[in-house]
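Chemist: Got a predicted structure here, sequence first:
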Amino acid sequence: MDELDSAIITYLQTDARQTNRDLARTLGIAPSTCLERVRTLRERGVITGFHASVSLTALNRDVQAMLHVQVRPLSRQVIDGFKAYALSLPEVLSVFVVAGGDDFLVHVAVPSVDSLHAFLMDKFSGRREIAGFRSSVIYQHVGKTTIEPLTD
C-alpha cells in the first residue's frame, strides 16, 4: 500500500457513497486511475465492502451488552456450532472468539433490560454446550469511523 491507497481508504471510510469522479477530484488524480486503484484494493481484500451505519435506537435496540460465554467441551465442532448459532440470532451484532477465561464475547442489542434477561434465559441458558455466561451492559459505545494502515 502506498500513500494514494491509504488516502483512498481514508476518504472512502469517511463517505463511501461519493462518486468515483468526486473521489478522484479530491485526490487530484484521473477518474480512471482512481477506479483502477479502488478495484485493486477490493481484489486484494483491503476493502471488504461498503456498509450503511444504522442507528440502533431507531431500530428499538437501546440496550447493548457484551456477553462473556464459556463453552464445553472445547472443540472445533463446538466452537463453530456456537458461532453459527449466535450469528443466527437477530439480537446478536458481533461474535468474538477469544482466549482467556472466556471463549466468546457476544455483542447484543435489544430493546430493554427485560429483553436482555429474556434473551439470556430463552436463547442461552438451555444450550448444553454453554458452561457459563455473564453479561456486561454497555453504557456507551464509541468506535472509530476511520481505520488507518499501520506503518512499521
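Modeler: Received, thanks.

Chemist: helix, strand or coil for residue 136?
Modeler: Three-state assignment for residue 136 (DSSP: H, G, I helix; E, B strand; the rest coil): strand.

Chemist: quick one: it from residue 67, how far?
Modeler: Residue 136 is 8 Å from residue 67, where distance means C-beta to C-beta, to the nearest Å. Every residue, glycine included, has its C-beta placed from N, CA and C.

Chemist: So for those two, which sits in the more crowded spot?
Modeler: residue 67 (23 against 11; other C-beta atoms under 10 Å).

Chemist: hang on, the more buried one is in a strand, isn't it?
Modeler: Yes: using three-state DSSP, the assignment for residue 67 is a strand.

Chemist: so who does it touch?
Modeler: Neighbouring residues of residue 67 by C-beta atoms under 8 Å, 6 or more residues apart in numbering: 104, 105, 106, 107, 108, 120, 124, 133, 134, 135, 136.

Chemist: and this protein, what are its domains?
Modeler: 3-43, 63-138 (automatic domain parsing).

Chemist: looking at those domains, which is closest to residue 151?
Modeler: Closest of the domains of the chain to residue 151 is domain 3-43, at 9.2 Å (criterion: C-beta to C-beta).

Chemist: pLDDT on that closest one, on average?
Modeler: Mean pLDDT, computed over domain 3-43, is 96.

Chemist: Might you report the residue contacts of residue 137?
Modeler: By C-beta under 8 Å, 6+ apart, the neighbours of residue 137 are 63, 64, 65, 113, 116.

Chemist: so how far is residue 62 from it?
Modeler: 11 Å.

Chemist: In space, not sequence, find me the middle residue of this protein.
Modeler: residue 94 (5.6 Å; C-alpha atoms, centre = their mean).

Chemist: and after the least confident helix or strand in the chain by mean pLDDT, which helix or strand comes next?
Modeler: Least confident helix or strand of the chain, by mean pLDDT, DSSP states H and E, is helix 3-14 with a mean of 94. Tracing the chain C-terminally past helix 3-14 and defining elements by DSSP states H and E, one meets helix 20-27 next.

Chemist: State the number of residues packed around the residue lying closest to residue 116 once chain neighbours are set aside.
Modeler: Distances taken as C-beta to C-beta, 6 or more residues apart in numbering put residue 110 closest to residue 116, at 5.0 Å, once the chain neighbours are dropped. Around residue 110 there are 21 other residues, counting by other C-beta under 10 Å.
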